[in-house]
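> I'd like to go over a predicted model; first the sequence, then the structure.
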Amino acid sequence: MRTQPYFLLILLFLVGSPVGPAFSAEPGNQAPIDVLALPEFQEATKDWSPEVTFEQAALLHIYLGQYQQAVPILESLVRKAPNASGLWNMLALAYNRLEQGQQAWETASLAVTLEPYVEAYYFERGLAAFQLGRNQEALDDFVRYVSTFTTSAKGHFYLGLAQARLGRIPSARASFTRAGSLNPRLLLMTEYYVGLLDAQSGRLRDGMTALKETLAAFREADLPLTQQIRRQLFLMRLVDAAHNDPVRSPFLTTVLKEDIRHAVKHTPQLIQPSVERMGLGVVPRGGKK
């Protein structure tokens with residue numbers, strides 16, 4: 001039985017520890033922290049079982065964005081506790097963040113199989129399916145997830161992405177709008193996708209307005225989307241200028257729609273760090289031992 005709740009360890013690292021600043025840093029910008037070797041961690045876990053200690057270490061690696069370090073710990077834990085559905089879900093989370101979609105899908109599916117009524121597990125399986133391009137499966141899992149976690153901004157955001165990939169534009173637009181209303185920090189990304197969907201639906205001026213606003217914000221944040229947005233705005237302006245040209249207009253419209261389809265498929269990898277900062281949604285270990 002766990003002797004301390006998760007949040008005490010998280011609090012330890014956020015308050016009065018040199019590790020704290022890592023929570024605001026982008027993963028990969030600094031050397032990995034060996035959680036198990038930290039004196040603060042050793043002191044906090046000295047009376048805990050090895051299993052709980054390693055689980056806490058894995059959880060902290062995940063919160064620090066050190067997914068590569070979390071994976072071997074979690075793989076060792078699930079070998080010893082193969083019926084611990086929460087551990088499988090945490091491992092799926094780490095695989096997802098490392099963009100190892102097939103491993104993420106397999107481990108998330110194990111978590112769902114062990115406890116199919118834990119709706120939280122469906123997010124990681126949906127995200128893995130989304131990475132693998134299995135869009136209908138992703139959509140089904142995200143729908144189940146948001147049906148329970150109705151105020152999950154990231155759930156509605158990824159549901160919108162899956163709907164957009166499947167060409168369900170009105171539904172995708174509604175999901176993105178819902179995500180932005182639930183979490184203002186997502187507004188930049190949701191407005192960007194809503195702008196793309198507006199352009200794809202023929203509301204070109206609305207799309208251009210949304211992308212102009214997004215570009216100004218992203219440029220200020222120095223995100224890697226700026227070049228992509230400039231290209232899309234340029235294409236939108238060309239389409240708008242050629243709307244009366246019976247030859248150029250269909251061609252440019254096709255090019256723009258293809259560019260938007262490509263963006264819906266690939267842009268999530270560029271914005272993943274920003275989505276992560278809104279909360280990982282880690283599910284503690286549960287289920288059968």
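Good, I have the coordinates.
> quick one: neighbours of E137, just the number.
E137 has 17 neighbours, counted by other C-beta atoms under 10 Å. C-beta here means a position set from N, CA and C on the backbone, and glycine is covered the same way.
> distance of it from L256?
From E137 across to L256, the span is 29 Å (C-beta to C-beta, to the nearest Å).
> do Q227 as well
16 Å.
> who's more crowded, these two?
L256 (21 against 8).
> just give the nearest non-adjacent residue to that one, would you?
L235 (4.6 Å; C-beta to C-beta, 6 or more residues apart in numbering).
> list the contacts for that neighbour?
When contacts are counted by C-beta atoms under 8 Å, 6 or more residues apart in numbering, L235 touches 252, 255-256, 259.
> and of those, the nearest to W105?
Checking those against W105 by C-beta to C-beta gives D259 as the nearest, at 28.3 Å.
> thinking again about what came up before, only whichever of the contacts of L235 are buried, select them in PyMOL.
Remark: buried members of the contacts of L235, expressed as a PyMOL selection using 16 or more other C-beta atoms under 10 Å:
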select buried, resi 252+256+259
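> tabulate the contacts of L235 in JSON lines, adding columns for secondary structure.
Listed next are those as JSON lines, based on DSSP: H, G, I helix; E, B strand; the rest coil:
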{"residue": "L252", "secondary structure": "helix"}
{"residue": "V255", "secondary structure": "helix"}
{"residue": "L256", "secondary structure": "helix"}
{"residue": "D259", "secondary structure": "helix"}
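> rebuild the contacts of L235 as JSON lines, extending it with pLDDT.
Below are these laid out as JSON lines (pLDDT from 0 to 100):
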{"residue": "L252", "pLDDT": "83"}
{"residue": "V255", "pLDDT": "84"}
{"residue": "L256", "pLDDT": "81"}
{"residue": "D259", "pLDDT": "80"}
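> taking the contacts of L235 together, which two end up most distant?
Between any two of the contacts of L235 (C-beta to C-beta), the greatest distance is 10.4 Å, for L252 and D259.
> before we move on, the earlier item: and which of the contacts of L235 is nearest Q68?
D259 (33.1 Å).
> residues contacting that closest one?
D259 touches 231-232, 235, counting by C-beta under 8 Å, 6+ apart.
> quick one, phi/psi of I33?
phi -100, psi 130 (degrees, to the nearest 10).
> for it, give its distance to K46.
19 Å.
> could you do V143 as well?
V143 is 45 Å from K46, by C-beta to C-beta.
> how about the helices in the chain?
6-14, 39-44, 50-63, 67-80, 85-97, 101-114, 121-131, 135-148, 153-165, 169-182, 187-200, 204-221, 226-241, 248-276 (DSSP state H).
> mean pLDDT lowest where, among those?
Lowest mean pLDDT of the helices of the chain: helix 6-14, a mean of 46.
> quick check, distance from stretch 36-55 to the centre of its chain.
Centre-to-centre, stretch 36-55 and its host chain are 29 Å apart (C-alpha atoms, centre = their mean, to the nearest Å).
> and the end-to-end length of it?
End-to-end span of stretch 36-55 (C-alpha to C-alpha, to the nearest Å): 11 Å.
> same question for stretch 238-249.
Length of stretch 238-249, first residue to last, C-alpha to C-alpha: 8 Å.
> go through that stretch and flag the buried ones.
Buried residues in stretch 238-249 (16+ other C-beta under 10 Å): 238-239, 242, 249.
> redo those as a markdown table? Include distance to Y122.
Below are those laid out as a markdown table (distance: C-beta to C-beta, whole Å):
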| residue | distance to Y122 |
| --- | --- |
| L238 | 41 |
| V239 | 38 |
| A242 | 44 |
| S249 | 43 |
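> for those, which one is nearest G207?
V239 (9.8 Å).
> look up how far T150 lies from H156.
Counting by C-beta to C-beta, the gap from H156 to T150 is 9 Å.
> these two - which one has more neighbours?
Neighbour totals were compared for H156 and T150, and H156 leads with 26 against 11 (other C-beta under 10 Å).
> so what's the residue count around the closest residue to L139 other than its chain neighbours?
Nearest-residue entry for L139: A162, 4.2 Å, with adjacent residues in sequence omitted and distances by C-beta to C-beta, 6+ apart. Using other C-beta under 10 Å, A162 is surrounded by 27 other residues.
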